[in-house]
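J.: Build me a model from this:
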Amino acid sequence: MSINKEKYLKITEELKDKATLVAVSKTKPIAAILYDLGQRDFGENYVQELIGKQAYMAKDIHWHFIGHLQSNKVKYIAPFVHLIHGVDSFNLLKEINKQAALNNRTIDCLLQLFIAKEATKFGLDENEIKAIMQKADELKNVHIRGLMGMASLTDNEQIIKEEFKKLKTLYSTYSKEHPTFNIISTGMSSDYKIALTEGSNMVRIGSLLFGDRNYSRFP
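T.: From the prediction side, this is the model:
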């Protein structure tokens, strides 16, 4: 696995003033090279990898957890995580709040809206998000900053566009009421350009820049 430096610089220029690039960097060596190129936002799907890289790399990095987070693993990332993207239940949010308090922190979170037409995807429906937003003030050590969504894995761009549009519509409802509700995390390697047209201001890109994951290189 290697970095396509030209593609990285092209994408960062494309996203400039539009969206934050969260680099899903796959391995420690790749992450270190990206850091030297100026990248400061890194995302991980797995707690073990996130812990490993955070201990290894510079302390000014913003670490994003972008995977499906289990409540019993929140404690491992609570001391340092910058943003948790995939909150899919109020119980998980309460555990994040608990662990944030134990670490004297306030942790930024995104609520994950289920927008895809695939059973393998997860997330909240609109009523569940409404219920969480109504109770969010009870939790003093979490800060709900916006929404995250994952589109269907399909070549039909219209379906993807409609799914991202659904998320943007719901986001607009809450951003009017909450000034700091200002993040839409949608778009990955295969669909980030569509996400940008539908209002995304944070994209998560890995394989487009670095190729497929090589598990043998990460302990």
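J.: Okay, now the unreliable bits of the protein?
T.: The chain contains residues with pLDDT under 70 at 1, 118-121, 211-219.
J.: And the helices in it?
T.: 5-15, 28-36, 47-56, 74-77, 90-102, 126-135, 157-177, 192-197, 207-210 (DSSP state H).
J.: so which of those comes closest to Met150?
T.: helix 157-177 (8.7 Å; Cβ to Cβ). The way it works is simple: take the backbone N, C-alpha and C, and place the C-beta from them, glycine included.
J.: From start to finish, how long is stretch 36-55 in a straight line?
T.: End-to-end distance of stretch 36-55: 17 Å, with Cα to Cα, to the nearest Å as the criterion.
J.: Tell me the buried residues in it?
T.: Gln39, Asp41, Phe42, Gly43, Glu44, Asn45, Val47, Glu49, Leu50, Ile51, Lys53, Gln54 (16 or more other Cβ atoms under 10 Å).
J.: And the furthest pair within the residues you listed?
T.: Gln39 and Val47 (21.1 Å).
J.: correct me, but Leu83 touches His62?
T.: Yes - assessed by Cβ atoms under 8 Å, Leu83 is found in contact with His62 at 7.2 Å.
J.: Same list (the helices of the chain) but as CSV, adding distance to Asn141.
T.: Converted to CSV, the helices of the chain look like this (distance: least, Cβ to Cβ, whole Å):
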stretch, distance to Asn141
helix 5-15, 31
helix 28-36, 28
helix 47-56, 19
helix 74-77, 12
helix 90-102, 4
helix 126-135, 14
helix 157-177, 20
helix 192-197, 30
helix 207-210, 34
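J.: Ok, which of those helices comes nearest Ile183?
T.: Per Cβ to Cβ, nearest to Ile183 of those: helix 157-177, 8.7 Å.
J.: Show me what the closest one is packed against.
T.: Judged by 3 or more Cβ pairs under 8 Å, 6 or more residues apart in numbering; DSSP states H and E, the packing partners of helix 157-177 are helix 126-135, strand 142-148, strand 183-185, helix 192-197.
J.: And the longest one, what does it pack against?
T.: Counting contacts by 3+ Cβ pairs under 8 Å, 6+ apart, the secondary-structure elements packed against helix 126-135 are helix 90-102, strand 107-112, strand 142-148, helix 157-177.
J.: Mind listing what's buried along the last one?
T.: Burial within helix 157-177, assessed by neighbour count using 16+ other Cβ under 10 Å, is assigned to Ile160, Lys161, Glu163, Phe164, Lys166, Leu167, Lys168, Leu170, Tyr171, Tyr174, Ser175.
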